[in-house]
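J.: I'll drop the sequence and a predicted model, then ask my questions.
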Amino acid sequence: MGLDATVYLRGHGPDDDDCADHQAAHRRLANIALAGHLRERVGGRLARNSLLLAEVLYSGAHAGGELPVEFIPAMMEELAALADDDDPQVRAFVQAMADLAEAAVQQSNPICF
């Protein structure tokens, strides 16, 4: 079990019969333990109403949710605040989320979990 995220090609989504063929980006963000580590590590550096904490790292195994494209600018601000972290796992998470954000904007589709 773990935390994965996908951005689908424009016009497609997770309910498509052949959804794997319509992925613009897919990233494994963390397993359950790593999600807890990331939440603990970045929790003090982000605001209480952080999108990353409330929508992404709140659980290491959530599914069925999505982060709408209109939330991407706020999320990118949070990622920028974490980009200088000396933990390589945090930096890998930041890069994965940035990749997903770029795809979401390009495809005008949400990041799906």
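T.: Received it, and whenever you're ready, just let me know what you need. Treat the numbers as computed from the prediction; the structure is a model and nothing was measured. Numbering: from 1, shown residues only.
J.: what residues does stretch 44-62 touch?
T.: The contact list for stretch 44-62 (CB atoms under 8 Å, 6 or more residues apart in numbering) reads 1-3, 5, 29-36, 38-39, 42-43, 65, 67, 71, 74-75, 78-79, 81-82, 85, 97, 113. C-beta here means a position set from N, CA and C on the backbone, and glycine is covered the same way.
J.: the lengthiest helix in the chain: which residues count as buried?
T.: Identified as the longest helix of the chain according to DSSP state H is helix 88-107. By 16 or more other CB atoms under 10 Å, the buried positions in helix 88-107 come out as V90, F93, V94, A96, M97, A98, L100, A101, A103, A104, Q107.
J.: residue ranges with poor pLDDT in the protein?
T.: Within the chain, the segments meeting pLDDT under 70 span 13-20.
J.: how about the helices in it?
T.: For the chain, the helices defined by DSSP H cover 32-43, 51, 72-82, 88-107.
J.: about what we covered before: got CSV for the buried residues of helix 88-107, with distance to G60 too?
T.: Formatted as CSV, these follow (distance: CB to CB, whole Å):
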residue, distance to G60
V90, 15
F93, 12
V94, 17
A96, 14
M97, 15
A98, 20
L100, 17
A101, 20
A103, 22
A104, 21
Q107, 26
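J.: pull the most distant pair out of those residues.
T.: The most widely separated members of the buried residues of helix 88-107, counting by CB to CB, are V90 and Q107 (26.0 Å).
J.: picking up where we left off before, taking the contacts of stretch 44-62, please make a PyMOL selection of just the buried ones.
T.: Restricted to buried positions by 16+ other CB under 10 Å, the PyMOL selection for the contacts of stretch 44-62 reads:
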select buried, resi 3+5+29+30+34+35+38+39+42+67+71+75+78+79+81+82+85+97+113
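J.: okay, the angle between the longest helix of the chain and helix 32-43?
T.: On the basis of axes from the mean of the first three to the mean of the last three CA atoms, to 10 degrees, helix 88-107 is oriented at 90 degrees to helix 32-43.
J.: so what touches helix 88-107?
T.: Residues contacting helix 88-107 (CB under 8 Å, 6+ apart): 5, 7-10, 24-25, 27-30, 34, 37-38, 41-42, 52, 56, 67, 69, 72, 75-76, 79, 82-83, 85, 109-111.
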